[in-house]
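Student: predicted coordinates and the sequence they were generated for:
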Amino acid sequence: MVETYVLVPGAWHGAWSWRPVAQRLRAAGHHVVALTLPGLADGDDPRRFTLEDTVDFLVGFLDRHDLTDVTLVAHSWGGYPVFGAAHRVPHRVRRVVFHSAFVPEQGVPLVDDVPPGHAALFRQLAQESGDHSVVLPYSVWQSAFAQDTPEPTQKLIYELLVPHPMCFFEQPLHAPALSTLGLPVSYLAGECDLAMPPGDYAWCPRFPARLGVEPITVPGDHEAFLTRPDAFVSALLHSHTVDG
């Protein structure tokens, strides 16, 4: 069955990060669009945008192109704009896939849904940035987000990352659980993803439980959708049979 995929990146990433996945999905006959959200284009001023702007952008894109029966795929922080858009235009959405992604709770910003040490680091980096943005130090990103990726690739990806508006971490969404929409959902979890550390704040079982689903394991770290696209696409296509 041919699907329409709209791929939404996480913090610090843009449409570029989805290119290997998009190429493989198109080769399999699917329609695919990868987006760069406001505030995450190269050269954007992080102070100009709000979290709601990212939701508006995604909703506006679906409306302008009159897309329906869409599979929304969210990576990491991208769970926030995807969650918001699904509530705004559920009639355009066929299903929602979260990949090592945040599943928001009503009124809870991301900075309150991560370990306290993460939150303190984000606030410190934003305060020191001069434009209220967050850029992770290479050593932090390397060890927690891409530790299963060869070092030359780590360095290349890191050079492509952009500053992330801190307000995207500070502002909540005001919408009920996704289950209220009755949409099929699935959750893909990186096998050795340490962006959320083991324990109470780990990706699993916390976020799949908010959706009421069992996670589907994907090989690799937090960047595996980019560095292991074949495995990711296989899991993504398999999720279609799991979520119905």
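Tutor: That came in fine, so what should we check first?
Student: so which residue is dead centre in this structure?
Tutor: Nearest to the geometric centre of the chain sits H75, at 2.2 Å (C-alpha atoms, centre = their mean).
Student: let me see the confidence value for it.
Tutor: On pLDDT, H75 comes in at 98.
Student: what residues does the closest residue to it other than its chain neighbours make contact with?
Tutor: Spatial nearest neighbour of H75, chain neighbours left out: G10 (4.3 Å); criterion: C-beta to C-beta, 6 or more residues apart in numbering. Bear in mind the C-beta positions are built from the backbone N, C-alpha and C, glycine included. Under the criterion of C-beta atoms under 8 Å, 6 or more residues apart in numbering, the contact partners of G10 comprise 74-78, 101.
Student: quick one on the thing from earlier: isn't the residue nearest to the centre of the chain up against H13?
Tutor: Yes. The criterion here is C-beta atoms under 8 Å, and H75 meets it with H13 at 7.1 Å.
Student: where do the strands of this structure begin and end?
Tutor: For the chain, the strands defined by DSSP state E cover 4-8, 31-34, 70-75, 93-99, 133-134, 164-165, 185-190, 216-218.
Student: give me the sheet partners of the last one and which way each runs.
Tutor: For strand 216-218, sheet partners with direction are given as strand 185-190 (parallel), following DSSP bridges.
Student: got the contact list for the strand it pairs with?
Tutor: 95-101, 103, 178, 203-204, 207-208, 211, 213-222, 224, 232, 235-236, 239, 242-243.
Student: of those residues, grab the buried ones for ChimeraX.
Tutor: Command for ChimeraX that selects the buried part of those, burial taken from 16 or more other C-beta atoms under 10 Å:
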select :95,96,97,98,99,100,101,103,178,203,204,207,208,211,213,215,216,218,219,220,221,222,224,232,235,236,239,243
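Student: from S17, how far off is the spatially closest residue to F232 that is not a sequence neighbour?
Tutor: The spatially closest residue to F232, leaving aside those adjacent along the chain, is F225, at 4.5 Å (C-beta to C-beta, 6+ apart). Separation of F225 from S17 (C-beta to C-beta, to the nearest Å): 8 Å.
Student: looking at the two, which is more packed in?
Tutor: Between F225 and S17, counting by other C-beta atoms under 10 Å, F225 is the more crowded of the two (29 against 22).
Student: quick check: the more buried one touching H99?
Tutor: Yes. Between F225 and H99 there is a contact under C-beta under 8 Å: 6.0 Å.
Student: give the residues shared as contacts by these two.
Tutor: Counting by C-beta under 8 Å, 6+ apart, the contacts common to F225 and H99 are 75, 218, 232.
Student: can you list these in CSV and add distance to L25?
Tutor: Compiled in CSV, those are given as follows (distance: C-beta to C-beta, whole Å):
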residue, distance to L25
H75, 14
V218, 15
F232, 10
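Student: quick one: which of those residues is nearest to A126?
Tutor: H75 (21.5 Å; C-beta to C-beta).
Student: hey, what's that closest one bridged with?
Tutor: Beta-bridge partners recorded for H75 (DSSP bridges): H99.
Student: okay if I get the contacts of G10 as TSV plus distance to Q154?
Tutor: Output for those, formatted as TSV (distance: C-beta to C-beta, whole Å):
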residue	distance to Q154
A74	23
H75	17
S76	17
W77	20
G78	21
A101	21
